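[1] I'll drop the sequence and a predicted model, then ask my questions.
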Amino acid sequence: MLRDEEITLERLIEGRSTGLCYSLIAGLDAIDLSMMFKDLCIERLNRKAREIEMRYEQGGCNWSQTAYSFIMYYLLGKANRTASQRLTSIVPHTLLMRENSALHKIEALLLGGAGLLDIFSDSFAEPIKTEFQHLAAKYSITPLSADEWQLSGIHLNNHPALRLAQIAACIHNNTISISSIAGCKSDKDVHKMFSCAASDYWVDALSRHNHDRSISSKVGSVMSKIIAINAIAPLLYTYSNYVESYTINEKALDILYDSSAEDNTYIRKWHTFKPIATDAFSSQALIQLSTEYCKRGRCHECPLSRQLLHPRKPRP
């Protein structure tokens, strides 16, 4: 390494704690920034693709099961990810589709399999409990315990019972499948995919129990955007490689370009000097830069340092 490059790299390493990189990235021209974002976002998609491929293999090489599992991972939230993934294994997508003729059967399988039916004790819930007992015996389902779910300290719109009732409505309407997902090319398409409303009973029961009338029966735009960026786009990207479809690959990128940039601690730091993430494609790139390079101290491999050490030569 040449001495000038060593000095630049040392400066970058020393500046990690002072925010130097936030000012340096703000000084890049549009072309350099765009090229760096492209490399980083594709790198992040490839990382998620490896995780999705592993899910695909573990889920019996079924893409709809893979999609169902990955969507539930985000829909149920960080506090309930372990329980949600256990549930998708206990109550797989193929079983749900087998009993898809009636919504109450899907609700019974999901909420019963989750062990959450016992928190409801009125006359409406009793037939669903009976239905679950029948289905559990039919399919040898051993349900989770309600204790496996984080229920306290969570906003009611994110309550696991409500989320499962919402996904039950979507599955009943056949929107949670790889064929439906393959038709999405914008965050609006994803939001439409989750537009099915949970049965009024679950909304009313949770509202009465918690004295809160602000519960929404549908997955909101904020959550559908989270799923679009973190689940649907990576799923399409991975699936496009499997089926060798350029069109589906483009849809994955279109969703990220169509979605507004995320707003979190990582992005706000990179926006210290000026906003540089204009869409989810660029904000995903910045999250990749933060988590895989900055946090790991990989300054010598960092795309930003490469831009500074080996700047693009201007055209004559």
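    Looks like it arrived, so ask away. Residues are numbered from 1 along each chain as shown.
[2] tell me which helix or strand of this protein sits lowest on mean pLDDT?
    Across the helices and strands of the chain, the lowest-confidence element by mean pLDDT, DSSP states H and E is helix 3-14, at a mean of 64.
[3] tell me what the helix or strand hosting residue 242 is packed against?
    In the assignment (DSSP states H and E), residue 242 maps to helix 233-243. For helix 233-243, the packing partners by 3 or more C-beta pairs under 8 Å, 6 or more residues apart in numbering; DSSP states H and E come out as helix 30-58, helix 63-75, helix 178-181, helix 246-258. Yep, even glycine has a C-beta here, placed from its N, CA and C like the rest.
[4] flag every buried residue along it.
    Neighbour-count burial for helix 233-243, counted by 16 or more other C-beta atoms under 10 Å, picks out 233, 234, 235, 236, 237, 238, 239, 240, 241.
[5] same list (the helices and strands packed on helix 233-243) but as TSV, adding mean pLDDT and mean neighbour count.
    Converted to TSV, the helices and strands packed on helix 233-243 look like this (pLDDT from 0 to 100; neighbours: other C-beta atoms under 10 Å):
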stretch	mean pLDDT	mean neighbour count
helix 30-58	95	16
helix 63-75	96	23
helix 178-181	93	18
helix 246-258	96	19
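[6] which parts of stretch 121-131 are buried?
    Neighbour-count burial for stretch 121-131 flags 125, 128, 129, 131 (criterion: 16+ other C-beta under 10 Å).
[7] wait, doesn't the third one sit right on residue 111?
    No - taking contacts as C-beta atoms under 8 Å, residue 129 lies outside contact range of residue 111: 9.3 Å.
[8] anything in contact with each of these two?
    Listed as contacting both residue 129 and residue 111 by C-beta atoms under 8 Å, 6 or more residues apart in numbering are residue 117.
[9] how long is stretch 175-185 end to end?
    This stretch, stretch 175-185, spans 15 Å end to end (C-alpha to C-alpha, to the nearest Å).
[10] can we start the residue count at 32 from this point?
    With the count now opening at 32, the last piece we talked about shows up as stretch 206-216.
[11] so how far is it from its chain's centroid?
    15 Å (C-alpha atoms, centre = their mean, to the nearest Å).
[12] go on, stretch 278-287?
    For stretch 278-287, the distance to the chain centre is 16 Å (C-alpha atoms, centre = their mean).
[13] repeat that for stretch 170-177.
    25 Å.
[14] cool, and stretch 98-116?
    9 Å.
[15] contact partners of it?
    With C-beta under 8 Å, 6+ apart as the criterion, stretch 98-116 contacts 83, 86, 90, 118-120, 123-124, 127, 145, 175, 179-181, 185, 189, 191, 194, 197-198, 202, 207-209, 212, 250, 254, 257-258, 261-263, 265-266.
[16] try 7 Å this time
    Applying C-beta atoms under 7 Å, 6 or more residues apart in numbering, the contact partners of stretch 98-116 are 83, 86, 90, 119, 124, 175, 179-181, 185, 189, 191, 194, 198, 207, 209, 212, 254, 257-258, 261-262, 266.
[17] among the residues you listed, which ones are buried?
    Buried, going by 16+ other C-beta under 10 Å: 83, 86, 90, 119, 124, 175, 179-181, 189, 191, 194, 198, 207, 209, 212, 254, 257-258, 261-262, 266, out of the contacts of stretch 98-116.
[18] could the helices and strands packed on helix 264-274 go into CSV alongside distance to residue 303?
    Below are these laid out as CSV (distance: least, C-beta to C-beta, whole Å):
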stretch, distance to residue 303
helix 61-89, 15
helix 94-106, 28
helix 209-212, 36
helix 277-289, 23
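[19] measure stretch 205-220 end to end?
    One end of stretch 205-220 sits 15 Å from the other (C-alpha to C-alpha).
[20] to clarify, my last question referred to stretch 82-95.
    End residues of stretch 82-95 are separated by 15 Å (C-alpha to C-alpha).
[21] where does the prediction get shaky in this protein?
    Within the chain, the segments meeting pLDDT under 70 span 32-40, 42-49, 240-244, 340-347.
[22] counting neighbours, what do you get for residue 146?
    20 (other C-beta atoms under 10 Å).
[23] from memory it sits against residue 172, does it?
    No - applying C-beta atoms under 7 Å, one finds residue 146 not in contact with residue 172, separated by 10.7 Å.
[24] out of the contacts of stretch 98-116, which sit inside helices?
    83, 86, 119, 124, 191, 194, 198, 209, 212, 254, 257-258, 266 (DSSP state H).
[25] looking at the residues you listed, which one is closest to residue 59?
    Residue 59 has its nearest neighbour among the ones in helices among the contacts of stretch 98-116 in residue 257, at 28.1 Å by C-beta to C-beta.
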